[in-house]
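Enquirer: Here is the input, now give the coordinates:
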Amino acid sequence: MTADLQGSRALVTGAGHGIGRAVAVALAAAGADVAVHYHSSAEQAGRTVAAIETLGRRAKAFSADVTVTAEVDRLVDEATGFLGGLDVLVCNAGHLIGRVAVAEMTDEHFGRVVDTNLTSTFRTCRAALPHLARSDHGRIVTLSSLAAHNGGGPGSVAYAAAKAGVRGFTKGLAKETAAQGVTVNAVAPGFIKGTAFHDTFTAPEAQQALEAGIPVGRAGTAQDVAAAVVYLASPAAGFLTGTTLDIDGGVWPR
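Expert: Next up, the predicted model:
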């Protein structure tokens with residue numbers, strides 16, 4: 001069995017840049033047509049679409065706010081209409097939003113972080129499930145984080161809690177969908193260098209310290225995460241469901 005996704009139809013949320021773009025392009029390189037979701041990064045999403053088309057696959061960008069149920073439902077309807085169905089869903093959309101200590105955190109901030117990372121995953125999976133159930137090889141891949149295991153860096157308690165929630169949601173949903181032939185797995189990236197996430201929220205000296213503490217001797221790349229997602233989306237991972245792959249270079253062995 002190989003990671004051959006020839007003819008598969010995939011929707012990747014948050015695919016305008018970073019890990020999402022790498023995942024979308026890697027799925028296309030394996031043979032999938034891809035619906036590219038974005039919220040505010042239209043120009044960057046267009047670049048993702050162009051990169052996929054260069055590989056000879058079909059792609060189109062779709063805008064939606066994943067914290068709004070009606071927009072998620074519309075996104076899935078439009079994406080599946082373009083693709084002619086759905087085989088692979090990658091719930092990558094998420095955001096730290098800001099580093100805030102619990103003692104100073106407002107209800108609004110905590111709720112927004114959970115909504116953006118955890119509840120958005122629920123909304124997107126719920127909307128996509130009827131389409132995935134009609135596939136011969138339905139696949140869902142969610143994005144957790146090393147923060148779900150170790151609590152994250154300073155001021156990221158809400159984010160860590162939301163990403164831990166994604167991991168639990170993944171396990172529970174895997175049980176519900178197994179009989180329909182839909183697998184549900186998560187990836188948990190550690191320090192992935194060169195992404196907007198760390199360039200925005202992690203100071204250069206902190207990034208250097210993170211990289212120095214990685215046992216394999218280097219930081220992760222978006223392509224490292226994408227390779228794991230392609231595997232989970234492929235026929236080779238057909239007997240794997242409800243699990244989380246840690247993409248962290250050995251930082252948090254379990």
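Enquirer: now stretch 242-254: mean pLDDT?
Expert: Averaging pLDDT along stretch 242-254 yields 90.
Enquirer: and for that stretch, what are the contacting residues?
Expert: 144, 146, 149-150, 167, 170-171, 174-175, 184-192, 213-220, 224-225, 228, 232 (CB atoms under 8 Å, 6 or more residues apart in numbering). Placement of C-beta: from N, CA and C, glycine included.
Enquirer: neighbouring contacts of stretch 49-59?
Expert: 21, 24-25, 28-29, 31-36, 48, 60-61, 82-83.
Enquirer: Distance from the chain centre to it, please.
Expert: Averaging C-alpha positions (CA atoms, centre = their mean, to the nearest Å) puts stretch 49-59 20 Å from its chain's average.
Enquirer: what's the model's confidence in it, averaged?
Expert: Across stretch 49-59, pLDDT averages out at 98.
Enquirer: about what we covered before: report the buried members of the contacts of stretch 49-59.
Expert: 21, 24-25, 28-29, 31-36, 48, 60-61, 82-83 (16 or more other CB atoms under 10 Å).
Enquirer: Using the three-state scheme, assign residue 94.
Expert: Here residue 94 is recorded as coil under DSSP: H, G, I helix; E, B strand; the rest coil.
Enquirer: Can you get me a residue count around it?
Expert: When neighbours are counted by other CB atoms under 10 Å, residue 94 registers 26.
Enquirer: Next, the contact list for it, please.
Expert: Residue 94 neighbours (CB under 8 Å, 6+ apart): 14, 116-117, 120, 143, 162-163.
Enquirer: same check, this time on residue 120
Expert: Contact analysis of residue 120 by CB under 8 Å, 6+ apart lists 13, 66-67, 72, 91, 93-94.
Enquirer: If we use 10 Å, what do you get?
Expert: Neighbouring residues of residue 120 by CB atoms under 10 Å, 6 or more residues apart in numbering: 13-14, 64-69, 72, 91, 93-95, 114, 162, 166.
Enquirer: what's the answer for residue 17, then?
Expert: Per CB under 10 Å, 6+ apart, neighbours of residue 17: 38, 41, 43-45, 47-48, 195-196, 222.
Enquirer: Just to be sure, which of those residues are found in strands?
Expert: Cross-referencing the contacts of residue 17 against strands under DSSP state E gives residue 38.
Enquirer: Quick check: PyMOL command selecting the buried ones in the contacts of residue 17.
Expert: Per 16+ other CB under 10 Å, the buried members of these correspond to this PyMOL selection:
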select buried, resi 38+41+44+45+48+195+222
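Enquirer: Can you tell me which of the contacts of residue 17 is nearest residue 77?
Expert: residue 38 (16.8 Å; CB to CB).
Enquirer: What score does the closest one have for pLDDT?
Expert: According to the prediction, residue 38 has pLDDT 98.
Enquirer: hang on, it packs against residue 14?
Expert: Yes. Counting by CB atoms under 10 Å, residue 38 does reach residue 14; the two are 7.2 Å apart.
Enquirer: Which neighbours do these two have in common?
Expert: 20-21, 45, 93.
Enquirer: quick one on the thing from earlier: show me just the buried residues among the contacts of residue 120.
Expert: Among those, those classed as buried by 16+ other CB under 10 Å are 13-14, 64, 66-67, 72, 91, 93-95, 114, 162, 166.
Enquirer: closest to residue 138 among those residues?
Expert: Of the buried ones among the contacts of residue 120, the one sitting nearest to residue 138 (CB to CB) turns out to be residue 91, at 13.7 Å.
Enquirer: what are the phi and psi angles of the closest one?
Expert: Backbone torsions of residue 91, given as degrees, to the nearest 10, read phi -90, psi 90.
Enquirer: How about residue 27?
Expert: phi -60, psi -40.
Enquirer: what's the distance between it and residue 121?
Expert: From residue 27 across to residue 121, the span is 18 Å (CB to CB, to the nearest Å).
Enquirer: And these two? Which one has more around it.
Expert: The neighbour comparison of residue 27 against residue 121 (other CB under 10 Å) goes to residue 27, with 32 against 29.
Enquirer: what's near enough to touch residue 30?
Expert: Residues near residue 30 by CB under 10 Å, 6+ apart: 2-6, 8, 10, 55, 57, 88, 226-227, 230-231, 233-234.
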